[in-house]
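Student: missing the sequence, but the structure's below:
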């Protein structure tokens, strides 16, 4: 046995179609997961252009957790370590392989923690799409990264959003979700500029003859699109993901004055590096090891997670 470093990323489950009233009342996720465990297997599959995704509950320490995996059926290769020969893996019957991500539902604030077993495992956007397609909640949901320092509140309450700038590396191997808005830039860049680092900056001009109504429309549209873009941060994070995501907004300070303030979404996304146990010769942690790692990270950072989403006990 050995251990390997993995990242736990935390997301808040919010309403998918009500940005003005996004936060939900506490949902009894354990009941939802228990019901999921008794559903027909076919009702736990979500299919899209990027693949077929299967969800399954896992019980550990008297709690239900979730595994979401992307099913692969193509040929795989193994190596014979005695003869040092590369061979095709042959699976008996109607079987395939699956890359899984562990999802733990915390006891406060509709927060989940996720850990990928490998880089190609489902990311936050795939988990969001699976949850919506399979009806885990009673309404359409979105996953927002848990951002500390009340950054979401500052964005929502800003009287103006002047600019948004993000820098990222395209990842052609991980197709973006079918969305609109800022995510469209990522989809185009995956196809056209796979070898580049890309910086995009959107800005509402302070000068230049725009009418007050046009400026207001520009501010509000950018405010909405930042929500959409940041909801996909889990998909974009990683070695080939977003390196920078910053906005300049006008907010009211404690003295009642309106001042410009930068918001740094990457810096304040609550993620935790942790070490999890793996079998010798395998870089993928078992589901139980992943769940243990997520729950320990959540325990250590409980206060900051609760403060970020204004959650009570």
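Tutor: Good, I have the coordinates. Everything numeric here is computed off the predicted structure, so don't read it as measured data.

Student: what number of residues lie near residue 277?
Tutor: 15 (other CB atoms under 10 Å). C-beta here means a position set from N, CA and C on the backbone, and glycine is covered the same way.

Student: wait, residue 36
Tutor: Neighbour tally, residue 36, other CB under 10 Å: 18.

Student: likewise for residue 285?
Tutor: Neighbour tally, residue 285, other CB under 10 Å: 25.

Student: one more: residue 140?
Tutor: Quick note: residue 140 (other CB under 10 Å) scores 13 neighbours.

Student: can you give me the pLDDT of the closest residue to it other than its chain neighbours?
Tutor: In space, residue 140 comes closest to residue 16 once its chain neighbours are excluded; the distance is 3.8 Å by CB to CB, 6 or more residues apart in numbering. The confidence metric pLDDT takes the value 82 at residue 16.

Student: residue 16 touches residue 131, doesn't it?
Tutor: No: contact status for residue 16 versus residue 131: not in contact, 9.7 Å apart, counting by CB atoms under 8 Å.

Student: domains for the chain, by residue range?
Tutor: Domain segmentation of the chain under automatic domain parsing yields 2-145+270-299, 151-264.

Student: distance to residue 306 added to these, as a markdown table?
Tutor: As requested, the domains of the chain are exported to a markdown table (distance: least, CB to CB, whole Å):
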| stretch | distance to residue 306 |
| --- | --- |
| domain 2-145+270-299 | 6 |
| domain 151-264 | 14 |
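
Student: out of these, which is closest to residue 309?
Tutor: Counting by CB to CB, residue 309 lies closest to domain 2-145+270-299 out of those; the figure is 4.0 Å.

Student: need the helices for this structure, in chain order.
Tutor: For the chain, applying DSSP state H gives helices covering 29-36, 124-133, 151-157, 183-192, 212-231, 233-236, 287-300, 302-309.
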